[in-house]
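> No letters, just coordinates:
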């Protein structure tokens, strides 16, 4: 089946949302903490190299790469909506407190068709010959400043790049590092890490493969330029892994960078003291593959694959490192590089609970402090790679790339009572139907089976017998995406005749509807009222 655009749902004020009207239904996910997944973006191949950051008020910003969809022989590409960012591009998506998703970009290929008066969120730079492919890119990193400025770093071609932007503003893109040659495969430059110092300035760290080993670079703004420093020089070895993801944070007012050291078979760190980087060992006799790093207060947390069948957490406190095992996990290929290479992620919530995610036949999540227990995140993550974690007072956000459908995903872990289901993003495309079709029901044949897939109704005409109760069988094929069916007198949707229960897919429900007089009615999904609509005809003698 062709890919269809999936409009992400969820109010990302997330927890304890405000009151809502009957046309913006609450979804009862039950009492207590649970994990609820949603689709952020689905048109084309979107989500490789993803990273998630939460703003101070808990709103998500997800950075990821967008590429043209990889289609099977019998599949047809879904056109990008008018006003969407072009692919390939470095995408950026966020949700407002009202649950409205904005999907934009910071850098994208110059589109063939120029539009006038259409603003793409985040005001992306348009690059005529953007050197971004699935093979030569190596992940993104994102962080959100208190004033709402979003900083994104990424690796593509032979360089490392940084963009800053705001929702409603324009992106500025700088090249931070140039390898001096264009590469067509990931590996020469590792996935970057990013953090902000106390003044809100971005610091970007990354590993570089050289002829004599590997270097760990850290760059930050210095006036109108970027200051590129080598924080550590690593040795060389036969069969060494390519540069792994590099983590960076600020602890005790000083930048701390954490990296895998394949030549030493360990993980190392370096702290900026004055104008010099002081090295320190983190863990020995570990591979350090798929590394991730975060700082909470003055405590640092690094996760990685040990290379001995486990995922490990290293904790830095009071100048000392200690390690603990998170979970057993299959060792990744040490030579794997790029967006799809297995990786780990780590974040810490306000209560000091550590959350660790990793890839081992799908996405896994565990939480704890010195010991860890698995978190149930359901079946939607079984084809996922590229986990990224962020947390706020509202809860924990996990993003990942879903390989089977080539979708960017996000899930939230928290007490999700009375979650406000998001309205669709603004779109300049015309809805498939506005209801009131004069042809619907003309043949008098009953049609009461309805299917949702790709955030559209595959049937836009339902036919019921007039004057008799009837049953609509609704098949929601959108995994983790809530839909419902509601019937109204007309497309104004001011008077409801029936409102079906909202439920996430993949699942099927029968809706029992009271008898309607003969005539034409409007139906829609209340969760996605502008893109999921149709006509219900009540016809005398329909069979």
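Received it, and whenever you're ready, just let me know what you need. No experiment lies behind these values; they were computed from the predicted model shown. Numbering: from 1, shown residues only.
> Every contact and neighbour count from this point should use C-alpha atoms.
Noted.
> For burial, what's the neighbour tally of residue 190?
27 (other C-alpha atoms under 10 Å).
> Domain boundaries for the protein, per the record?
Domain ranges of the chain: 26-420, 449-539, per automatic domain parsing.
> May I see those arranged in JSON lines, with distance to residue 443 and mean pLDDT as well?
Formatted as JSON lines, the domains of the chain follow (distance: least, C-alpha to C-alpha, whole Å; pLDDT from 0 to 100):
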{"stretch": "domain 26-420", "distance to residue 443": "30", "mean pLDDT": "91"}
{"stretch": "domain 449-539", "distance to residue 443": "9", "mean pLDDT": "91"}
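> The stretch 251-400 of the chain: helices as residue ranges?
Remark: no helices are assigned in the stretch 251-400 of the chain by DSSP state H, counting those that start in this stretch.
> For the stretch 351-500 of the chain, just list every one of the strands.
Counting by DSSP state E, counting those that start in this stretch, one finds strands in the stretch 351-500 of the chain at the ranges 354-359, 363-368, 372-374, 384-392, 395-402, 407-415, 419-420, 449-452, 461-465, 470-476, 482-483, 486-488, 496-499.
> mind listing what's buried in the last one?
In terms of neighbour count (16 or more other C-alpha atoms under 10 Å), strand 496-499 has its buried residues at 497-499.
> Now do that strand: distance to the chain's middle.
Distance of strand 496-499 from the chain centroid (C-alpha atoms, centre = their mean, to the nearest Å) equals 34 Å.
> Which elements pack onto that strand?
strand 486-488 (3 or more C-alpha pairs under 8 Å, 6 or more residues apart in numbering; DSSP states H and E).
> do the same with the second one
For strand 363-368, the packing partners by 3+ C-alpha pairs under 8 Å, 6+ apart come out as strand 354-359, strand 372-374, strand 384-392.
> and residue 205, what are its bridge partners?
Beta-bridge partners recorded for residue 205 (DSSP bridges): residue 193, residue 218.
> please begin residue numbering at 21 from this point
Done: numbering now begins at 21, and the last item shifts to residue 225.
> In contact with it, which residues are there?
By C-alpha atoms under 8 Å, 6 or more residues apart in numbering, residue 225 lies in contact with 212-214, 236-239, 266-268, 277.
> which one among those residues gets closest to residue 327?
Of all these, residue 327 sits closest to residue 266, with 17.3 Å by C-alpha to C-alpha.
> what about the closest residue to residue 491 other than its chain neighbours, how many residues close to it?
Distances taken as C-alpha to C-alpha, 6 or more residues apart in numbering put residue 532 closest to residue 491, at 4.5 Å, once the chain neighbours are dropped. As a burial measure, residue 532 scores 13 neighbours (other C-alpha under 10 Å).
> so residue 532 is in which element?
According to DSSP states H and E, residue 532 maps onto strand 527-533.
> Pairing partners for the next helix-or-strand element following that strand, with directions?
Using DSSP H and E, the helix or strand that follows strand 527-533 in sequence is strand 539-544. If you go by DSSP bridges, strand 539-544 pairs up with strand 506-508 (antiparallel), strand 553-559 (antiparallel).
> Can you give the contact residues for the shortest one?
This points to strand 506-508. For strand 506-508, using C-alpha under 8 Å, 6+ apart, the contacting residues are 514-520, 541-546, 556.
> now the strands for the stretch 71-220 of the chain?
Going by DSSP E, counting those that start in this stretch, the stretch 71-220 of the chain shows strands at 80-87, 109-115, 121-129, 145-147, 157-164, 170-176, 179-185, 192-198, 213-216.
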